[in-house]
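> next input, structure requested:
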Amino acid sequence: MPSLFHPRLLETRRVAGNRLRLALRHWPQTVFHLVGGGVLLALVVNGVGRIDGDRIGLVLRLLSAQPLLLGLAFAGFGLAMVRSSTLTLAEELRTGWWGAMPVPAAATRRSLQLNALLLTVFGNAVVLAVLLLVVWLSRRSTSWFTPVALTASIALWLGALLGYLGARRRERLPPGARTQEHSSAAFLRLDRLDHPQLHHLPDWQRRETARRWRAGGRRWQLGGLALLIPAAMPAASLAGLSLLGIALIWYGLALRASEDSIVAADRLSAALPLPFPRFAAATLRYPLFAWSCTALLCVIGLLLQSASLTLALIVVLALGLGSLLSLSLTWRYRKRPWLARTRAVAETCLLLLLAYQLPPLAPVAALGLIARHYYVARSVR
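Presented below is the predicted three-dimensional model:
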């Protein structure tokens, strides 16, 4: 009798069961981690309790008066979330370890639908949990909660549906039509970026960034930026906001392309005696160059919006620390890139919370995490 879902779901369930049994077998280490997590959770709850929920509620009350803008924002979030996840899973099922198995197409389709459904439910639950947290922190009227929650939930589900249908439509295209060929040739020659021994790694990262950008990567973010620009904005502020937004969107794409190139390069060179320090130095060059260009554009954009030079420098330094943290996690979990992204989000939130309460300690904590991840990454084989 054929299975309702793809066998990969059974594999995932068995892997989770094995990890649970391993955690129970090594119960002292598990208890230690649970105690540490409990202490960290207590610090997070203490920090969240100090946030002024009324200020956030005021912003949400203003957004509830513009349901179209709010709906477009959450619809774009749902579309990007589900489309990216569906395309990634479909690509893995088609070309990964399970690609050669005679799995019925209906089972694969139901697995993709289940993945999209669970992801949307989780995203909607997170949105509602954040809104309820703001309600709990607020001392004034929270009449904005119902319209904001309804608008966000409906828009999220509609965007998720469009994202799933778009991903499935792309998967049904022939391989030649699915793969768009875009030039990855560099606009300028930058020989100084090349590493003396591993010159192909920075060039790989740069070409992957150029290919994704020319293929229309992050178009939905550019559209969101255009929607956020208010009418009748002064020319200097408009130029500064546009410059800042486009620079950050491009840098996000460049950093993601560089991290994906690190994972792919590690897989290709797994059988080679490649020292990790040399590998890390080679794969750091292009992200560092991209951060330098973005930092310059961000400073100019913030100054055009009448921001102080001190604030602009703080922003670019925070961006640099966040990028180093993300890269160090990619080096550490280059065998499991999904875990690197999950930990990057979690640790960034913790650092932001620490910066809200104890600003001087946040950079020190970030540098400590980066050093720790780099040290552990050296021992990964």
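
> okay, and the residue nearest to the spatial centre of the chain sits in which element?
Against the mean C-alpha coordinate of the chain, by CA atoms, centre = their mean, the closest residue is R341 at 6.2 Å. For R341, the host element (DSSP states H and E) is helix 337-357.

> the helix or strand just after that helix versus helix 337-357: what angle between them?
Downstream of helix 337-357, the first helix or strand assigned by DSSP H and E is helix 361-377. Helix 361-377 runs at 160 degrees relative to helix 337-357, counting by axes from the mean of the first three to the mean of the last three CA atoms, to 10 degrees.

> residue boundaries of the helices in the stretch 101-250 of the chain?
105-137, 145-171, 175-178, 200-214, 219-228, 235-268 (DSSP state H, counting those that start in this stretch).

> quick one: the ones you listed as a markdown table, columns for mean pLDDT too.
A markdown table is the format used below for the helices of the stretch 101-250 of the chain (pLDDT from 0 to 100):
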| stretch | mean pLDDT |
| --- | --- |
| helix 105-137 | 87 |
| helix 145-171 | 88 |
| helix 175-178 | 54 |
| helix 200-214 | 83 |
| helix 219-228 | 70 |
| helix 235-268 | 87 |
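
> can you lay out the ones you listed as CSV showing mean neighbour count?
From N, CA and C alone the C-beta is placed, and that goes for glycine too. Below are the helices of the stretch 101-250 of the chain laid out as CSV (neighbours: other CB atoms under 10 Å):
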stretch, mean neighbour count
helix 105-137, 16
helix 145-171, 19
helix 175-178, 9
helix 200-214, 20
helix 219-228, 14
helix 235-268, 18
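
> closest to F74 out of these?
Of all these, helix 145-171 sits nearest to F74, with 4.0 Å by CB to CB.

> now that closest one against helix 105-137, angle please.
Using the same axes, to 10 degrees: helix 145-171 against helix 105-137 is 160 degrees.

> distance of the residue nearest to the centre of the chain from L137?
To L137, R341 is 28 Å away according to CB to CB, to the nearest Å.

> hmm, back to that, with distance to L309 added, can I get the helices of the stretch 101-250 of the chain in JSON lines?
Formatted as JSON lines, those follow (distance: least, CB to CB, whole Å):
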{"stretch": "helix 105-137", "distance to L309": "33"}
{"stretch": "helix 145-171", "distance to L309": "36"}
{"stretch": "helix 175-178", "distance to L309": "47"}
{"stretch": "helix 200-214", "distance to L309": "29"}
{"stretch": "helix 219-228", "distance to L309": "24"}
{"stretch": "helix 235-268", "distance to L309": "14"}
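
> of all these, which lies closest to L352?
Per CB to CB, nearest to L352 of these: helix 105-137, 14.1 Å.

> next, the buried residues of stretch 269-282.
Counting neighbours by 16 or more other CB atoms under 10 Å, one finds that the buried residues in stretch 269-282 are 276, 279-280, 282.

> surely P202 meets T283?
Yes: contact criterion CB atoms under 8 Å: P202 and T283 qualify, at 7.4 Å.

> using the three-state scheme, assign V35.
Following DSSP: H, G, I helix; E, B strand; the rest coil, the label given to V35 is helix.

> neighbours of it, just the number please.
10 (other CB atoms under 10 Å).

> re the thing from before, and the helix holding R341, what does it pack against?
Applying 3 or more CB pairs under 8 Å, 6 or more residues apart in numbering; DSSP states H and E, one finds that helix 337-357 contacts helix 27-48, helix 235-268, helix 309-332, helix 361-377.
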